[in-house]
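Colleague: Sequence and computational prediction follow.
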Amino acid sequence: MSFKSLGLSEPILRAISKKGYEEPSPIQAKAIPPILEGKDVLASAQTGTGKTAGFTLPLLHYLSENPKEKFRPIRALILTPTRELAAQVHANVKDYSEFLNIRSTVIFGGVNQKPQVATIRRGVDILIATPGRLLDLESQGALSLKRVEVLILDEADRMLDMGFLRDIERIMKLMPKKRQNLMFSATFSKDIKKLAYSILNNPVQVEATPENTAVEVINQTVYRVAKAKKTDLIIKLIAEGNWKQVLVFTRTKHGANRLTKKMISAGITAAAIHGNKSQGARTKALDGFKKGRIRVLVATDIAARGLDIPLLPHVINFELPNISEDYVHRIGRTGRAGASGEAISLVSADETTFLRDIEKLIDQKIEIKILEGFEPDPNASTEPIKQGQGGRRNSNPRGKSKSKNSGQRRRRRNN
Ligand code: ADP
Ligand code: MG
């Protein structure tokens, strides 16, 4: 299968080959044809599978082959849950449209809106936006969505996780009823299906599932450890292994900050990335990590979802996720494209149930290690930690709502 055989125009093919892509990824091969036919599409595939090009390439094809007025009303709206993702998608759109007469811009909160408004006034074909800033500018009369022909919801699962449902519904009402709708998501939950039914018309559903084969090539290890020893253990592993690019997951923003501080005091360059960080801080952290200035990036699940970080040799779960599916997403950050990666989880007694759920989901037993001096606490309870316990400002609805098969997603606004 080649990009050419999908029927994309020559300037788009040129941009693709400039990016060095040789052939469409599985989700691209599945999603591009129905989008080119003008159908509504619901697509799901794991992070890192090329979903952005999956919707951007056919969108660019449609817009450039069907030019409209010179004054450029907004013809396509791409909604993303966070500023980083909006910026990332915009960078992709710019790359892929390099040889086309298409204009695009991005708007998001947390920065001065004046330049954003000025760019829109000059006319853009594609607007990439986070819901909040979009509604803001629309209500100020700075932009109109009345001419939108294509709506794209990127990282739709995360939008739901972050509580954007209301905003999305409000935005729907500002657009013409007749339009093409595309929804892209890393996961495929009941909530996503519900949202899809309310937005999409007769959608074609395409999926490139996170095969277990991907999980199988990843070297997975669990270190059983006393909760109080986790920080020392992670520092020892990173320092003694001389690991250079490590993505660490914590369950909470608070936990991410705390761990980052301890790493820095231990002489390991580290930065946290989560929803409470300013735009500048997040961009700087991500950039520093990609360029190798920062060895350790500490992230929450929601902050990491969708971020385009290349192949990582090491992913560490400082805490296991309470949603088993998130484990697969987290460790999917390593061992991509056939290269082998290592995923390590630090597991204390109270996470025993999470571990069991994860092993059930991935249908394999994870090798368990115990390091001398970092043994698990034999007296610790195996009861899952409940909300507000142990000084943990945890927003996850865990504890009593934790079901036996906790593979399904739950609302996590504050991570
Ligand atoms: P997702 O949205 O599914 O998480 P992205 O769209 O961010 O994934 O793409 C992940 C990475 O894969 C990006 O660096 C992108 O440039 C690259 N990529 C996308 N499509 C292809 C392709 N067909 N061949 C090679 N690399 C690709
Ligand atoms: Mg994406």
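Modeller: Nice, thanks for sending it over. Numbers count the residues shown, from 1 in each chain. Ligands and ions are numbered 1, 2, ... in the order given.
Colleague: and this protein, which residues reach ligand 1?
Modeller: Within the chain, the positions adjacent to ligand 1 are 21, 24-25, 28, 45, 47-53, 306, 308 by Cβ under 6 Å from any ligand atom. (C-beta placed from N, C-alpha, C; glycine too.)
Colleague: my guess is residue 109 is in a strand, correct?
Modeller: No: the assignment for residue 109 (DSSP: H, G, I helix; E, B strand; the rest coil) gives coil, which keeps it out of a strand.
Colleague: quick one on the thing from earlier: just the buried subset of the residues of the chain next to ligand 1, please.
Modeller: 21, 24-25, 28, 45, 47-53, 306, 308 (16 or more other Cβ atoms under 10 Å).
Colleague: and which of the residues you listed is nearest residue 354?
Modeller: Minimum distance to residue 354 across those is 20.6 Å, recorded for residue 47 (Cβ to Cβ).
Colleague: from what I can see the closest one touches residue 331, true?
Modeller: No: applying Cβ atoms under 8 Å, one finds residue 47 not in contact with residue 331, separated by 11.3 Å.
Colleague: which neighbours do those two share?
Modeller: Residues touching both residue 47 and residue 331 (Cβ atoms under 8 Å, 6 or more residues apart in numbering): there are none.
Colleague: And residue 94, how close does it get to residue 71?
Modeller: As defined by Cβ to Cβ, to the nearest Å, residue 94 lies at a distance of 21 Å from residue 71.
Colleague: more crowded one of these two?
Modeller: Shown here are residue 94 and residue 71; by other Cβ atoms under 10 Å, residue 94 has more neighbours (17 against 7).
Colleague: Tell me which residues touch the more buried one, please.
Modeller: Counting by Cβ under 8 Å, 6+ apart, residue 94 touches residue 104.
Colleague: Check which helix or strand it maps to.
Modeller: Residue 94 is part of helix 83-96 when elements are defined by DSSP states H and E.
Colleague: Buried residues in that helix, which are they?
Modeller: Counting neighbours by 16+ other Cβ under 10 Å, the buried set in helix 83-96 is 83, 84, 85, 86, 87, 88, 89, 90, 92, 93, 94, 96.
Colleague: ok, the third one touching residue 153?
Modeller: No: contact between residue 85 and residue 153 fails when scored by Cβ under 8 Å: they sit 11.6 Å apart.
Colleague: hey, what's in contact with both of those two?
Modeller: Common neighbours of residue 85 and residue 153 (Cβ under 8 Å, 6+ apart) do not exist.
Colleague: quick revisit: report the two of the buried residues of helix 83-96 separated the most.
Modeller: 83 and 96 (20.6 Å).
Colleague: Just after the helix-or-strand element of the chain with minimal mean pLDDT, pick out the following helix or strand.
Modeller: Scoring the helices and strands of the chain by mean pLDDT, DSSP states H and E places helix 212-216 at the bottom, with a mean of 55. Using DSSP H and E, the helix or strand that follows helix 212-216 towards the C-terminus is strand 219-224.
Colleague: which neighbours does that next one have in its sheet, and in what orientation?
Modeller: strand 342-347 (parallel), strand 367-369 (parallel) (DSSP bridges).
Colleague: helices or strands next to the helix or strand containing residue 29 in the packing?
Modeller: Element membership of residue 29 [criterion: DSSP H and E] is helix 26-36. In terms of contacts (3 or more Cβ pairs under 8 Å, 6 or more residues apart in numbering; DSSP states H and E), helix 26-36 is packed against strand 41-45, helix 51-65, strand 180-185, strand 204-208.
Colleague: For the protein, which residues are neighbours of ligand 2?
Modeller: 51, 306 (Cβ under 5 Å from the ion).
Colleague: can you give me the strands for the chain?
Modeller: Listed in chain order, the strands of the chain (DSSP state E) span 41-45, 76-79, 104-107, 126-129, 150-153, 180-185, 204-208, 219-224, 246-249, 270-273, 296-299, 314-317, 342-347, 367-369.
Colleague: Would you mind listing where this structure has pLDDT under the threshold?
Modeller: Residue ranges of the chain with pLDDT under 70: 209-216, 311, 335-340, 386-415.
Colleague: what's the neighbour count on residue 153?
Modeller: 29.
Colleague: Which residues does the closest residue to it other than its chain neighbours form beta bridges with?
Modeller: Of all residues not flanking residue 153 in the chain, residue 183 sits nearest, at 4.7 Å (Cβ to Cβ, 6 or more residues apart in numbering). Going by DSSP bridges, residue 183 is paired in beta bridges with residue 42, residue 153.
Colleague: how far away is residue 183 from residue 15?
Modeller: 24 Å.
Colleague: Over to residue 236?
Modeller: Counting by Cβ to Cβ - residue 236 and residue 15 are separated by 46 Å.
Colleague: With residue 125 instead?
Modeller: 16 Å.
Colleague: Which of those two has more residues huddled nearby?
Modeller: Higher neighbour count among residue 125 and residue 15: residue 125, with 24 against 21, using other Cβ under 10 Å.
Colleague: which residues touch that one?
Modeller: Residue 125 touches 63, 72, 74, 75, 76, 102, 103, 104, counting by Cβ under 8 Å, 6+ apart.
Colleague: ok, which pair from those residues is furthest apart?
Modeller: 74 and 102 (12.1 Å).
Colleague: Spit out the residues that contact these two alike.
Modeller: 125, 126.
Colleague: hmm, back to that, nearest to residue 8, of the contacts of residue 125?
Modeller: residue 63 (12.5 Å).
Colleague: who's in contact with that closest one?
Modeller: Applying Cβ under 8 Å, 6+ apart, the residues near residue 63 are 75, 76, 102, 125, 126, 150.
Colleague: How much space separates the residue in the stretch 301-415 of the chain that ligand 2 sits nearest to from residue 277?
Modeller: Relative to ligand 2, the nearest point of the stretch 301-415 of the chain is residue 306 (4.3 Å; Cβ to the ion). Note on residue 306: its distance to residue 277, by Cβ to Cβ, is 16 Å.
Colleague: hmm, back to that, between strand 180-185 and the helix holding residue 29, find me the angle.
Modeller: Relative orientation of helix 26-36 versus strand 180-185 (axes from the mean of the first three to the mean of the last three Cα atoms, to 10 degrees): 170 degrees.
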